[in-house]
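[1] This is a predicted model, with the sequence first.
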Amino acid sequence: MQRLYDFIRRHPTGVDSFWAVLFFGFSMLNVADLSGASTALRLATVPVVAALTAVIALRRKWTRQMYWLTVGAGAYQLAIGSPMQFCDIAMLVILYTVAASGDVPRRVSRIALVSGLLAPPLYFLRFGVDKTGSAPQEALFVVFVMVPFALAWVMGDSLRTRRAYYAQLVERNQRLEKEREAQAKVAVAAERARIARELHDVVAHNVSVMVVQADGAAYVMDVAPEQAKEALQTISGTGRQALAEMRRLLGVLRTGEPQESEDYVPQPDVEQIEVLVEQVRAAGLTVDFEVEGAPRKLPSGVELTAYRIVQEALTNTRKHGGPDAKASVRLVYFDDGLGLLVEDDGRGAAHELYEDGGADGAGHGLIGMRERIGMVGGTLDAGPRPGGGFRISALLPLKKGN
């Protein structure tokens with residue numbers, strides 16, 4: 001049964017043509033049985049039957065043309081004085097089709113309604129009404145004959161409205177699907193950028209510590225084996241920490257969610273900045289750490305941003321500050337935000353190197369810092385200090401949306 005329905009939907013004109021053949025046969029039988037009609041009138045009625053049969057067959061393919069053909073056939077029928085025939089049912093069919101078709105303008109549909117309502121009065125004016133009744137009864141009979149034309153148009157117009165509403169729903173659904181796809185692509189791009197920043201911070205910081213410790217261990221290996229052993233232990237611990245953080249990031253890439261495992265570590269926060277400073281000190285860089293205000297729990301986005309900015313700043317100090325550089329990290333808790341100040345007194349590097357990602361041009365540098373700050377609605381001020389060295393100052397607001 002479903003195949004039959006699919007065939008009918010795929011071949012509407014073929015189905016209409018089948019009904020048109022049956023329609024033509026019944027109409028010709030009706031013409032042959034006309035009582036009191038001359039042979040000439042019967043022959044003159046055949047073109048009307050042929051025209052209205054064509055209307056039945058082609059009503060969905062050429063709707064407007066078939067409507068005007070129906071009007072012409074009706075006018076011809078009145079002109080030759082042919083009485084009402086079985087083939088006149090095509091007038092109701094084409095009126096319904098015009099009202100239901102979305103390709104026909106509303107103006108033409110209303111014209112079709114008016115012409116359909118005028119058909120019965122014109123017919124009875126031409127042929128007269130049964131004179132056995134009173135004038136009000138005759139008028140009521142004419143109105144009653146007009147009702148099928150009105151119903152055909154109303155049914156077609158209702159179908160047209162439902163189709164238009166359904167088309168709007170389909171178009172709206174397609175638009176929403178495209179918007180969801182676009183939003184998904186934007187979210188994926190943002191997540192990739194975030195993961196790239198995370199990987200940069202993990203690799204740049206931890207590998208930098210490992211390189212410094214390895215150089216120190218090689219330097220004191222012969223004269224101070226214990227110091228070399230401590231440096232190697234620091235390298236081992238730093239490497240494990242880097243691997244754990246990279247596993248966490250790769251776990252997000254694989255599944256979209258962090259995996260529960262002892263190899264994964266929590267996302268860095270403000271409390272771990274002190275641990276970060278201790279690691280940097282162990283790597284050989286002198287760092288002063290100071291906290292002002294009452295420490296409190298901050299939004300996770302703000303805490304991660306603060307940690308990564310301090311990490312990036314200290315990494316850049318080790319890269320560009322020189323062997324005797326000293327740094328200071330200062331956290332200030334305000335009522336409406338968190339302030340960061342990271343300074344060093346080393347020889348520093350040109351501001352452009354930080355913007356381009358460091359001396360090798362391969363990192364994110366200040367660009368990554370500004371992206372992180374922008375995500376939480378903060379501000380960043382970075383540049384060389386007047387007396388030498390470099391300074392990074394940031395303010396992270398505590399918004400309700402953070």
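    The structure has been received and is ready for your questions. Numbering: from 1, shown residues only.

[2] Okay, and the residue nearest to the spatial centre of the chain sits in which element?
    Computing the C-alpha centroid of the chain and ranking residues by Cα atoms, centre = their mean puts E179 first, at 1.2 Å. Of the helices and strands defined by DSSP states H and E, E179 is found in helix 135-220.

[3] Does anything pack onto that helix? Which helices or strands?
    Contact partners of helix 135-220 among helices and strands, from 3 or more Cβ pairs under 8 Å, 6 or more residues apart in numbering; DSSP states H and E: helix 89-100, helix 106-127, helix 225-255, helix 273-282, helix 300-320, helix 365-375. (C-beta placed from N, C-alpha, C; glycine too.)

[4] now the longest one: how far from the chain's centre is it?
    Okay, so that is helix 225-255. Distance, stretch centre to chain centre, for helix 225-255: 40 Å (Cα atoms, centre = their mean, to the nearest Å).

[5] Which elements pack onto it?
    Applying 3+ Cβ pairs under 8 Å, 6+ apart, one finds that helix 225-255 contacts helix 135-220, helix 273-282.

[6] can I get the helices and strands packed on helix 135-220 in CSV with mean pLDDT, mean neighbour count and distance to M28?
    Shown next, in CSV, are the helices and strands packed on helix 135-220 (pLDDT from 0 to 100; neighbours: other Cβ atoms under 10 Å; distance: least, Cβ to Cβ, whole Å):
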stretch, mean pLDDT, mean neighbour count, distance to M28
helix 89-100, 92, 23, 14
helix 106-127, 89, 16, 21
helix 225-255, 72, 15, 74
helix 273-282, 87, 18, 97
helix 300-320, 85, 23, 83
helix 365-375, 77, 19, 81
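
[7] And those: which comes nearest R42?
    Taking Cβ to Cβ as the criterion, helix 106-127 is the member of the helices and strands packed on helix 135-220 that comes nearest to R42, at 16.8 Å.

[8] could you check the angle helix 89-100 makes with the closest one?
    160 degrees (axes from the mean of the first three to the mean of the last three Cα atoms, to 10 degrees).

[9] then helix 106-127 to CSV, C-alphas only?
    Taking only C-alpha atoms (Å, rounded to 0.1, in the frame of the first residue of the first chain), the coordinates of helix 106-127 have been written out as CSV:
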residue,chain,number,x,y,z
ARG,A,106,-3.9,34.8,-4.1
ARG,A,107,-5.5,37.3,-6.5
VAL,A,108,-6.2,34.6,-9.1
SER,A,109,-7.5,32.3,-6.3
ARG,A,110,-10.0,35.0,-5.2
ILE,A,111,-11.0,35.6,-8.9
ALA,A,112,-11.7,31.9,-9.2
LEU,A,113,-13.9,32.0,-6.1
VAL,A,114,-15.9,34.9,-7.5
SER,A,115,-16.3,33.2,-10.9
GLY,A,116,-17.3,29.9,-9.2
LEU,A,117,-20.0,31.7,-7.1
LEU,A,118,-21.3,33.4,-10.2
ALA,A,119,-21.6,30.2,-12.2
PRO,A,120,-25.0,29.0,-10.7
PRO,A,121,-26.8,32.4,-11.0
LEU,A,122,-25.6,32.8,-14.6
TYR,A,123,-26.8,29.3,-15.4
PHE,A,124,-30.2,29.9,-14.0
LEU,A,125,-30.5,33.2,-15.7
ARG,A,126,-29.7,31.5,-19.0
PHE,A,127,-32.0,28.4,-18.5
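
[10] Can you name every helix or strand that that helix contacts?
    Helix 106-127 sits against helix 63-80, helix 89-100, helix 135-220, with contacts defined as 3+ Cβ pairs under 8 Å, 6+ apart.

[11] among these, which is the most enclosed?
    Among those, ranked by average contacts under mean count of other Cβ atoms under 10 Å, first place goes to helix 89-100 (a mean of 23).

[12] If you rank every helix and strand of this structure by mean pLDDT, what lands last?
    Confidence across the helices and strands of the chain bottoms out at helix 351-356, with a mean of 48, counting by mean pLDDT, DSSP states H and E.

[13] if we can go back for a sec, redo the helices and strands packed on helix 135-220 as CSV? Include distance to A152.
    Formatted as CSV, the entries for the helices and strands packed on helix 135-220 read as follows, by distance: least, Cβ to Cβ, whole Å:
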stretch, distance to A152
helix 89-100, 4
helix 106-127, 7
helix 225-255, 60
helix 273-282, 80
helix 300-320, 64
helix 365-375, 63
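
[14] Mind checking these for the one nearest to G293?
    Closest among the helices and strands packed on helix 135-220, using Cβ to Cβ: helix 300-320, at 13.3 Å.

[15] Just the mean pLDDT for whichever helix or strand comes after the closest one, thanks.
    In the C-terminal direction, the helix or strand that comes right after helix 300-320 (DSSP H and E) is strand 326-333. Mean pLDDT, computed over strand 326-333, is 92.

[16] L52: what's its closest spatial neighbour, skipping adjacent residues?
    Residue nearest to L52 in three dimensions, not counting chain neighbours: A90, with 3.8 Å by Cβ to Cβ, 6 or more residues apart in numbering.

[17] you'd agree the one you found is up against A50?
    No. In this structure, A90 sits apart from A50 without contact. The criterion is Cβ atoms under 8 Å, and the distance is 11.1 Å.
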